[in-house]
Each structure stands twice: as C-alpha cells, then as structure tokens.
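Fold the following for me, if possible:
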Amino acid sequence: MPTSRQEVEALGWDQPDVILFTGDAYVDHPSFGVAVIGRVLEADGFRVAIVPQPNWRDDLRDFKKLGVPRLFFGISGGCMDSMVNHYTANKRLRSDDAYTAGNVSGFRPDYAVTVYSRILKNLFPDVPVIIGGIEASLRRLTHYDYWQDRLKPSILVESNADLLVYGMGEHIILTVARVLQNGKRIYELTDIPQTAFVARDFSSPKMSGQDLMLHSYEECVKSKRKFAENFCRIELESNKLHPIRLIEPVDGKYVIVNPPEYRMDEKDIDLAFDLPYTRLPHPRYKGKAISAFEMIKFSVNIHRGCFGGCSFCTISAHQGKFIASRSERSILNEVQRITQMPGFNGYLSDLGGPSANMFRMKGRNTGSCSKCSRYSCIYPKLCNNLDTNLTPILELYRKVRNMAGIKKVSIGSGIRYDLIMDAKGFLSREHARYFDELIQHHVSGRLKVAPEHCAQHVLQAMRKPDFKLFIKLKEEFEHSNRSKNLRQQLTPYFISGHPGCTKADMRHLSDTMQQMHFNRLEQVQDFTPTPMTLSSVMYYCGFDPYTGKKIYVARCKEEKMKQKKFLI
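Numbering: from 1, shown residues only. From the prediction side, this is the model:
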C-alpha cells in the first residue's frame, strides 16, 4: 500500500479514504497489525495509505504529506507498547528497535499513540481520529503507568482521539469505515461493539444486559482499593463470553467501553490471513533489515487468544480468552506461499500462536462457557469442560511437514505443558503421543517452556502451575530424547522481580536450577509492569486485588537487578 504522495498519485487517487499512522516500519505481513487493518479495508474497496514512523520533531511534514483522508485517520503505536519498546525493566533507554529498519532506535516517540493523535487533531481538528493496536487497547481505561509511576486516565482522554478500537480490530474497523461511508458522523458512533469513546453522558443504547459503572479515575487516584476493585470488575467482564458495557467517569465526562459483538470464528480469522500480502517490508527500506520481520518471516500463526490467564500477560486482555483458530485450508495455503518466498530453505521457524498447543481448543458445552467468568481454563486446575483434544493439531503438523519444499517445522512459540500433563504424568495416551511427536519432529534444538519460577507463593501470584509439573516435563523430555537418540535441550523461561518474589526466592530458584543441571540460563526476564495486567495492579497497590492480602514488591532498581543476577 502507498506510503508517499508519489505512490498515491501513481495509483491515480485524488485522496485516500483512510490514512494509517504506525510507530513501526511498514511490513506487509499478517503479523503486523497495520498491514492487516490496511489490507482488510482495501479488500472492501477502500483506498488506504500508510505513514510509517512519522517524524514528530520537525515541521510535521510527514503528518501533512498525504493530505486529509476522506473518512478518517487511524493510529497504532505498533506491535508493541511504545514504552516497552523504548525502555528496559529498569527504565534504561534501549539502543535498538527491532521494528525499525536497521534496528536503530529513535524513530518513534514515547507514548506514540497519544503523540500522533494530538498532532493530527491539532492539524486537522475536523477529521476523525481512531486509535487502536496494543498500546491503545490496554490503556482504554484507568491504568498504572510504570514509566511515570502513577495512574493515568484512559488514553482517549490524553490523546483527544474520537474513537478507540480495542483488541484484534480488523472486523470492527471495517464496520466503522462502512458506517462513516454511509454518512454517519464520528460522534454518532456510540453503539459499535469493541469500541470506546468519551461522552458527556451515557444515554446511548445499551448493548446487552446492564451497564457496569466503575469507580472514577479521580477516585482511583485517591484510593488504591478502588483502583483494585475496578481491575477485578474489568477482568471479570473480559473473561465472560457475553460481557456488558463498562462506564468510567473522568473529569466530569465518561469513558464508555462497548462489549465485543461476538467471538471471531474460523471464517473471520481466515479473512484477515488470506489477503494478498507481499509478506515483505515496503521497498522504501532498500534492503535494510527489520529484525522483527526476520524473526517471523518464515513462521505461521495458527490461532489467536489464550485462556492461560497468567497474571503478567496481556494476551487475554488484548486478544481475548477464547481461542479463534484458522482453518486448515488457510494455514496450508500460507505455508505454500512461504515455500515460494526468496531465501526460504525448507525450515519453518514456527507453526504456533500465543500458546502453540491451544489450537482448536474450546469448551465442550458452550452453555457452560456462557455462565463462566474464570480468568483461566487451566489454573488453578484444568476445567472439566475444556476439550483438550490434540487430534486437529497433530493432523495439521503431519500435513505441513509432508508438504513439498518443507524440511523441518519447528514450534518456536512454545507450548503449555500443563495442557498435556499433571504432576503424575501425561493426561492421556493422546497427550503422550503429541509430546512424542513434538520431540521427534518439531523441536529445533531447543524446546521453549515457561515455568517462570519454582517458589509456590510466587507461582500463585503469577497464576502458574506447580513446579512439580516442570520437573516431570524435564524427565519426560530427557527420556524421549534418549529413546530417539536426540541431543535436544529444554529451555526454561523465568521472571525475576515479580510481585511476591524476594531475593531469598531468587536464591532458591538459582539453587534449584543448579541441582537440575541448568547451569547457565539464557531466558530470564526482569518483570516489567504493563497496563491492564493483574501483576501491574499488585505492583502498584502492594496487595492482591482479589483478596486484599499484602504482597511483597521489589520496587527499587538495585533490588530488581540483584534478583535477576541470581540467574545470569
């Protein structure tokens, strides 16, 4: 899609219908959100242009160069929250940016969505501005901002944007574009699912059931208890199959968050992945490498969503708890396209998703799911209603690895081992067969798993399973490798500095790893509080929002560094 005035004119357009701004370099690939949004709109007949990484420091020519769109400006901070992209867990400025050509930093501002939106509203006050992507999605209501160490109101308030689309928004943005195309004004869009906006009152039609009035932003600033209560209410609704509308007062107005219309089905998700992406960076980058693209260019995403419910993870808050899987046809067609790409040597780096082995998993009885509000289908124990049938994913693995041009298919995104085993061993023969096939065919030297810690009270704060499962997994992994004469490694991921974790806990973890012969750990992450997670609420409040029980928090930079050093 065009990124410059010359490209727009070459297409014979007098004016784009939609102009999208993004904090990332433009890569025309289904793993990059702005490409998906652009292609979905384009497929419906809209003229879409993209402005990647506009310069916000100069005379703002990048914001003016394509003129005014006929319908709206769309803004995304990129595939990552711009603050996570910019800073380490100790708030040190990063020297690189994997989503920028040449891997160099400095091509996006802090709080990119807010900066871009304010500029556009100042330059073109009468043109609708719609924000989306993970940065906007997870900041849609009052949230703790780690980098300023304070509560911030909804990003709608600070950005002056007209509308926010949260979650995976390609279906919703298409609805918005069609409604605006048909003559409605942006301020009239009060009942579109999966959107949020600021209103002077909340008299717009209810979507379903009763509205839920949250504590105001001002009340949350004064009371950590009220902020914690808000989080519990928001998380409870987000876990439901049929959530209700949320209303949060702020500065005499109201942030209104409409519930999702429905959960994406196979047809919906296929639509986004089957579009004619070039699967390449835009030619404007003239061969400069984009690290994030290099990492995923020969990989395939097979589903969205995660029902794991980990305290520190934003996946369920953004993509949802319920799994939306692609059709086998769509996946195989994408693999076929990859085999034709320049430089492909037969090795598929990933065939997975947020948790690779959740493909096609759902509740056996959807009626039971509609009454459920559990934050996890796995923790603290596996839901009896969850269908953990692995036959569909095993069949998919076999078909992909037998395709012409495929030498090896790795599952690089990692698996949830608590879906296939408990402390006693595998849940069934089918689960054992999955693990056996995974080890034999789909490990590229290392199998990535995420026990995160070994101390039980820390694991409880993280909503992660008992460490005994990891011990059992290691035994099965080593046994399987010996029986197949393989020399593969198990790569565990750990988090230091998480709420509840002390230096003594990290020392215990270090000792445990040495006893298990993990002498050098490569995957240790210092905890970073990110908006809309339970962990960030515990970090800010100093207590568990559900129980009110106090929890230890490592706040100072020195202690966070000391905790991490136990494992590196």
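
contacts and neighbour counts: CA atoms only from here.
OK.

mind showing which ranges of the stretch 101-250 of the chain have poor pLDDT?
202-209 (pLDDT under 70).

Okay, helices next: where are they in it?
In the stretch 101-250 of the chain, the helices defined using DSSP state H, counting those that start in this stretch lie at 112-123, 133-137, 155-159, 170-181, 217-222, 224-238.

on contacts alone, who are the packing partners of whatever helix or strand Ala432 lives in?
Here Ala432, judged by DSSP states H and E, is contained in helix 429-441. Secondary-structure packing of helix 429-441 (3 or more CA pairs under 8 Å, 6 or more residues apart in numbering; DSSP states H and E): helix 467-483.

Run through who's touching the helix it packs on.
Under the criterion CA atoms under 8 Å, 6 or more residues apart in numbering, residues 417-418, 421-425, 436, 439-440, 451, 453-456, 487-488, 490 lie in contact with helix 467-483.

Beyond that helix, next helix or strand please.
Once helix 467-483 ends, the next helix or strand along the chain (criterion: DSSP H and E) is strand 489-496.

orientation of that following strand relative to helix 467-483 in degrees?
Angle, strand 489-496 to helix 467-483, by axes from the mean of the first three to the mean of the last three CA atoms, to 10 degrees: 160 degrees.

Can you give the contact residues for the helix or strand just after strand 489-496?
With elements assigned by DSSP H and E, the helix or strand that comes after strand 489-496 is helix 503-515. With contacts defined as CA under 8 Å, 6+ apart, helix 503-515 is touched by 453-455, 496, 519, 559, 562-564, 566-567.

Show me just the buried residues among the residues you listed.
Among these, those buried by neighbour count (16 or more other CA atoms under 10 Å) are 453-455, 496, 563-564, 566-567.

In strands, which of those appear?
Within these, residues falling in strands by DSSP state E are Ser496.

List phi and psi for Lys381.
Main-chain dihedrals, Lys381, degrees, to the nearest 10: phi -150, psi 160.

Name the secondary structure element that contains Cys310.
For Cys310, there is no host helix or strand (DSSP H and E).

Contact partners for it?
Applying CA under 8 Å, 6+ apart, we find Cys310 in contact with 376, 462-464.

Just those: which are in helices?
If you go by DSSP state H, the contacts of Cys310 have Met462 in helices.

Same list, the contacts of Cys310, but as CSV with distance to Val127 please.
Converted to CSV, the contacts of Cys310 look like this (distance: CA to CA, whole Å):
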residue, distance to Val127
Ser376, 41
Met462, 43
Arg463, 44
Lys464, 46
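
Most widely separated two among the contacts of Cys310?
Spatially, the most separated pair among the contacts of Cys310 is Ser376 and Met462, at 11.9 Å (CA to CA).

Settle it for me: which of these two has more neighbours?
Shown here are Ser376 and Met462; by other CA atoms under 10 Å, Met462 has more neighbours (22 against 19).

my guess is that one meets Phe312, correct?
Yes - between Met462 and Phe312 there is a contact under CA atoms under 8 Å: 6.7 Å.

what residues are shared contacts of the two?
Contacts common to Met462 and Phe312, judged by CA under 8 Å, 6+ apart, are Ser535.

re earlier: and of the contacts of helix 503-515, the nearest to Lys288?
Of all the contacts of helix 503-515, Lys564 has the smallest distance to Lys288: 33.7 Å, by CA to CA.

For the closest one, which residues are in contact?
Contact analysis of Lys564 by CA under 8 Å, 6+ apart lists 496-497, 506, 524-526.

ditto for Lys371
Lys371 sits next to 240-241 when contact means CA under 8 Å, 6+ apart.

Distance of it relative to Leu212?
From Lys371 over to Leu212 the distance is 17 Å, taken as CA to CA, to the nearest Å.

Repeat that for Gln148.
Distance from Gln148 to Leu212, counting by CA to CA: 29 Å.

one step back: nearest to Arg245, of the helices of the stretch 101-250 of the chain?
Of all those, helix 224-238 sits nearest to Arg245, with 8.8 Å by CA to CA.

how far out from the middle of the chain is that closest one?
Here the centre of helix 224-238 is set off from its chain's centre by 20 Å, with CA atoms, centre = their mean, to the nearest Å.

buried set for that helix?
Per 16+ other CA under 10 Å, helix 224-238 contains these buried residues: 224-232, 234-235, 237-238.

swap in stretch 509-525?
509-511, 513, 518, 524-525.

Next: stretch 378-389.
Residues of stretch 378-389 classed as buried: 378-379, 386, 388-389 (neighbour count, 16+ other CA under 10 Å).

Same question for stretch 425-445.
Residues 426, 430-439, 442-444 are the ones in stretch 425-445 that count as buried (16+ other CA under 10 Å).

I'd like to know which of the residues you listed is nearest to Phe273.
Using CA to CA, His442 comes nearest to Phe273 of the buried residues of stretch 425-445, at 23.2 Å.

Confirm for me that that closest one is in contact with Val409.
Yes - using CA under 8 Å, His442 is in contact with Val409, at 5.5 Å.

Now render the helices of the stretch 101-250 of the chain as CSV, adding distance to Glu266.
As requested, the helices of the stretch 101-250 of the chain are arranged in CSV below (distance: least, CA to CA, whole Å):
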stretch, distance to Glu266
helix 112-123, 30
helix 133-137, 21
helix 155-159, 31
helix 170-181, 13
helix 217-222, 38
helix 224-238, 21
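
which of these is buried the deepest?
helix 133-137 (a mean of 27; mean count of other CA atoms under 10 Å).

Show residues contacting that one.
By CA under 8 Å, 6+ apart, the list of residues contacting helix 133-137 reads 33, 75-82, 113, 155, 164-169, 318.

Am I right that Arg337 falls within a helix?
Yes - the assignment for Arg337 is a helix, going by DSSP: H, G, I helix; E, B strand; the rest coil.

Number of residues surrounding it?
13.
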